[in-house]
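K.L.:
Mind looking at a prediction? Sequence and model below.
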2 protein chains.
Amino acid sequence: MRKPIEARFRVEVVPKQKTIRDVARAAGVGIGTISRVLNSSSQVSRETRARVLEAIRRLGFRPNAQARRILKRRSEIVCFLLSNRDFLHPFHARILQGVESYASSLKHHVLFAVLHYSPRTPPEKIDLPPVLQEHGLIDGVILAGTIYPNLLRRIEAIDMPFVAFSNNVVGIDGDGKYLYDQVGFDDFNGSLQATRYLIKQGHRLIDFAGDISFPWIQRRFDGYRQAMRENKLNPVSIMAQNPDGFVDFGQKSAGRILTQAARATAVVAGNDEIAYGLWRSLQRHGMKVPDDISLVGFDDREEAVLMDPQLSTVRVHKEEIGETCMKMLLERLHHPRMTFSQRILPTELVIRGTVRNLSERHAASRIL
Amino acid sequence: MRKPIEARFRVEVVPKQKTIRDVARAAGVGIGTISRVLNSSSQVSRETRARVLEAIRRLGFRPNAQARRILKRRSEIVCFLLSNRDFLHPFHARILQGVESYASSLKHHVLFAVLHYSPRTPPEKIDLPPVLQEHGLIDGVILAGTIYPNLLRRIEAIDMPFVAFSNNVVGIDGDGKYLYDQVGFDDFNGSLQATRYLIKQGHRLIDFAGDISFPWIQRRFDGYRQAMRENKLNPVSIMAQNPDGFVDFGQKSAGRILTQAARATAVVAGNDEIAYGLWRSLQRHGMKVPDDISLVGFDDREEAVLMDPQLSTVRVHKEEIGETCMKMLLERLHHPRMTFSQRILPTELVIRGTVRNLSERHAASRIL
DNA sequence: CTGAAAGCGCTTACAG
DNA sequence: CTGAAAGCGCTTACAG
């Protein structure tokens, strides 16, 4: 007797959406059958199926995704949450792409959201983005950007399944037991390999330039130090004063390196931006890379290829990180009680043009 | 008599979600009243409201977003679709951020999706991403990346409201009448201003370096040409042979510029990447920027600040583009029959260090 | 102001 | 194999 709710909208919505009932009528079957065909489930006779399919095509029917979700109890939407970044740098953009690529291959969807918060805000006071406030909108969240313990606690408190990109987690010790799902790459081994490579190229005086108050730079320093120690070499850490960002850190490091009594022949930079700043400043001081000084970066960002010569660096497989995050989140959703796990992806040393070979064999072969 | 559907899930879903019915029971009211409180609609007495609110808090109830959407006939989710890009460059990343920022301020959500297609595929054969295949999932889409006519037609065919970021639309003439909603920035005026600025600085021999087969580079060339003509100067377009990307285009342009009979004192680059390649190659040829040659870019990308000196360029307000796209899409959703519109946002000349002042007055003041 | 009921567009046991 | 019905978690005229 009542007007259907929807009538009020007819004025606006022009080509009234077909529903499963329209199709049922057109095909002369019950609505349940339409649903069965749609879900390619159970047994529907070939001819009934054909008739339904035909009706669907004729009416241009597309099932309402929202109505399905409410029954499925799963939205097949996940959120990529970027925290405490002034902007979506290529590094995280590539992670997002990995997430999206894996997700869409499985017909899942990715919401992009942004959050700014202080590490000192109590968990319950963190003002989550709208996506995380709604219930039923997303199945889970992938945390990227800088992650502090209070955010982790907050996400746990709202019972939202999540996976964290762990390299930028700050303030939590990863001591064997994982309290949440995480995916990361191997800072330590990355610079271990890079430093060993420099040593193999004949370098003995090798500095590390990077602000080790960042946990990930600290881990890279640890890898560097390990390589130095195993070769009985002396690790030297270069710090810059009041740098304005990483590039500036690199620029300010150059002066320190050049005024050393026993000047380094090579520098391991904490990341590519530092390497870039270093390179530019060294140039200004009249030093050539790699003739006068060798340089290795970390991350393999866009900057690496913009340098001249191009930067030898440690590549991080960002898309793969994203894919793995998505994969792990899906596992979590299907097995809520599964124990937490951590995946550390390997890095790859990319040799380009900023390292000079100082070894005798090489020097000899050059003369020949 | 039947088991509620949901029972099958109980094994998995641990803390069974509260529904509006639980709250109603707890507060001793009807479910309609809960809904009214939730939507802060109509008149609910102060005390009833308080009682309901209290029950909501106690039970930790959060309304199911999906169920609401199905009634509202609007998901308040839009899709940011990046087409034909190998990756989400900072330029588009910033547009996405603008979209997200405006959207989330209005409690809307943004899905990120990617599409690769050929301009020659017939519209109906374009394989749209899952997001666009579902019905009811998103309210509309913002098109970014490179957009060909066949994509526009395809999106129109599925009756999906959309707004296009128009600068990278290829193959459609914008002749006064707009056939779809679009937001863009002013290529023409940007380089017009940049070129006028160079002229004001005393430059007369000014080249343009850029591949004008890209429509947006063509528009920038047009702006440059206009400035040259209005000053009775001769426009010169530099093209590179088989460039491998824009940076390489810039590198290959340098040789051509340096071998000119009447060598240019300044170059307007089609974009910052070209300017970067130009700068690097000029350096290698022993030329100093801006002492020997001046340079202006376009876009104000990250590269601009990585140069030394930093690049003077035309800034595009990318976040604002994103915000405007989102705003326009919302208008479209609320007024489906509204005539299409186009918004062209202004650019801004950013003066940094790559332009030398050749004018007499300035030269004189230098001698003093 | 508020409860009871119809409805949104689907899915899925149930009973042939 | 398939129709009729109950149900998902909400919203909203309807009738007090």
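P.N.:
Looks like it came in fine. Given the structure is predicted, the values throughout are model-derived calculations rather than measurements.
K.L.:
When you work out contacts or count neighbours from here on, use the C-alpha atoms and nothing else.
P.N.:
Fine.
K.L.:
Okay, helices next: where are they in chain A?
P.N.:
Using DSSP state H, the helices assigned to chain A run over residues A:20-27, A:31-38, A:46-59, A:65-72, A:90-105, A:130-133, A:149-157, A:187-200, A:215-230, A:245-258, A:272-284, A:302-306, A:318-334, A:360-367.
K.L.:
rank those helices by pLDDT, which is bottom?
P.N.:
If you rank the helices of chain A by mean pLDDT, helix A:360-367 sits at the bottom with a mean of 54.
K.L.:
Can you lay out the helices of chain A as CSV showing distance to A:Y180?
P.N.:
Output for those, formatted as CSV (distance: least, C-alpha to C-alpha, whole Å):
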stretch, distance to A:Y180
helix A:20-27, 42
helix A:31-38, 37
helix A:46-59, 45
helix A:65-72, 26
helix A:90-105, 18
helix A:130-133, 18
helix A:149-157, 9
helix A:187-200, 20
helix A:215-230, 18
helix A:245-258, 30
helix A:272-284, 29
helix A:302-306, 31
helix A:318-334, 10
helix A:360-367, 49
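K.L.:
Can you say which of the ones you listed is nearest to A:I142?
P.N.:
When the helices of chain A are compared for distance to A:I142 using C-alpha to C-alpha, the nearest one is helix A:318-334, at 6.8 Å.
K.L.:
partners of the residue of chain A found nearest chain B in the sheet?
P.N.:
Closest residue of chain A to chain B, C-alpha to the nearest C-alpha: A:L111 (4.2 Å). Using DSSP bridges, the bridge partners assigned to A:L111 are A:C79, B:L111.
K.L.:
So it is in contact with A:C79, correct?
P.N.:
Yes: if you go by C-alpha atoms under 8 Å, A:L111 and A:C79 touch, sitting 4.5 Å apart.
K.L.:
Quick one: residues contacting A:V316.
P.N.:
A:F185, A:D299, A:D300, A:P346, A:T347, A:E348 (C-alpha atoms under 8 Å, 6 or more residues apart in numbering or on different chains).
K.L.:
Separate out the buried members of those residues.
P.N.:
For these, a burial check counting by 16 or more other C-alpha atoms under 10 Å in any protein chain shown picks out A:F185, A:D299, A:D300, A:T347, A:E348.
K.L.:
Farthest pair within the residues you listed?
P.N.:
By the measure C-alpha to C-alpha, A:F185 and A:D300 form the most distant pair in the buried ones among the contacts of A:V316, at 13.1 Å.
K.L.:
Quick one: name the residues of the stretch 51-200 of chain A near chain B.
P.N.:
Within the stretch 51-200 of chain A, the positions lying close to chain B (C-alpha under 8 Å from any C-alpha of the partner chain) are A:62-67, A:69-70, A:87-90, A:93-94, A:97, A:100, A:104, A:107-114, A:129-131, A:134-137.
K.L.:
Quick one: neighbours of the closest residue to A:L151 other than its chain neighbours, just the number.
P.N.:
Excluding its sequence neighbours, the residue lying closest to A:L151 (C-alpha to C-alpha, 6 or more residues apart in numbering or on different chains) is A:P123, at 6.1 Å. For A:P123, the neighbour count with other C-alpha atoms under 10 Å in any protein chain shown is 20.
K.L.:
what comes into contact with stretch A:156-174?
P.N.:
In contact with stretch A:156-174 (C-alpha under 8 Å, 6+ apart) are residues A:139-149, A:155, A:180-185, A:215-216, A:321, A:325-326, A:328-329, A:332-333.
K.L.:
Next up, the contacts around A:V247.
P.N.:
When contacts are counted by C-alpha under 8 Å, 6+ apart, A:V247 touches A:E273, A:I274, A:A275, A:Y276, A:G277, A:L278.
K.L.:
Most neighbours of all those residues, which one?
P.N.:
Among those, A:A275 has the most neighbours (other C-alpha under 10 Å), with 33 neighbours.
K.L.:
Verify the contact between it and A:G250 for me.
P.N.:
Yes: assessed by C-alpha under 8 Å, A:A275 is found in contact with A:G250 at 6.1 Å.
K.L.:
And the pLDDT at the residue of chain A closest to chain B?
P.N.:
pLDDT, read off for A:L111, is 97.
K.L.:
what sits against it?
P.N.:
Residues in contact with A:L111 (C-alpha under 8 Å, 6+ apart) are A:I77, A:V78, A:C79, A:F80, B:H109, B:V110, B:L111, B:F112.
K.L.:
If we use 7 Å, what do you get?
P.N.:
With contacts defined as C-alpha atoms under 7 Å, 6 or more residues apart in numbering or on different chains, A:L111 is in contact with A:I77, A:V78, A:C79, A:F80, B:V110, B:L111, B:F112.
K.L.:
and which of those residues is nearest DNA strand D?
P.N.:
Within the contacts of A:L111, the smallest distance to DNA strand D is 17.1 Å, found for A:I77 (C-alpha to the nearest atom of the strand).
K.L.:
For that closest one, the count of nearby residues, please.
P.N.:
The burial count for A:I77: 20, using other C-alpha under 10 Å.
K.L.:
surely it meets A:I138?
P.N.:
Yes: with contacts counted by C-alpha atoms under 7 Å, A:I77 reaches A:I138, the gap being 4.9 Å.
K.L.:
picking up where we left off before, name only those of the residues of the stretch 51-200 of chain A next to chain B that count as buried.
P.N.:
For these, a burial check counting by 16+ other C-alpha under 10 Å picks out A:62-67, A:69-70, A:87-90, A:93-94, A:97, A:100, A:104, A:108-114, A:129-131, A:135-137.
K.L.:
show me which of the residues you listed neighbour DNA strand C.
P.N.:
When contact is defined as C-alpha under 7 Å from any atom of the strand, these meet DNA strand C at A:R62, A:P63, A:N64, A:A65, A:A67, A:I70.
K.L.:
Could you double-check that the fifth one lies in contact with B:I70?
P.N.:
So the one you mean is A:A67. Yes: under the criterion of C-alpha under 7 Å, A:A67 makes contact with B:I70 at 6.2 Å.
K.L.:
Now the residue nearest to A:Y180 when sequence neighbours are not counted, what are its backbone angles?
P.N.:
Nearest non-adjacent residue to A:Y180, counting by C-alpha to C-alpha, 6+ apart: A:F340, 5.3 Å away. With angles defined as degrees, to the nearest 10, A:F340 sits at phi -70, psi 150.
K.L.:
Tell me what A:R343 is bridged to.
P.N.:
A:V183.
K.L.:
So it is in contact with A:Y180, correct?
P.N.:
No: using C-alpha under 7 Å as the test, A:R343 is too far from A:Y180 to be in contact (11.3 Å).
K.L.:
What's the separation between A:D22 and B:P122?
P.N.:
30 Å (C-alpha to C-alpha, to the nearest Å).
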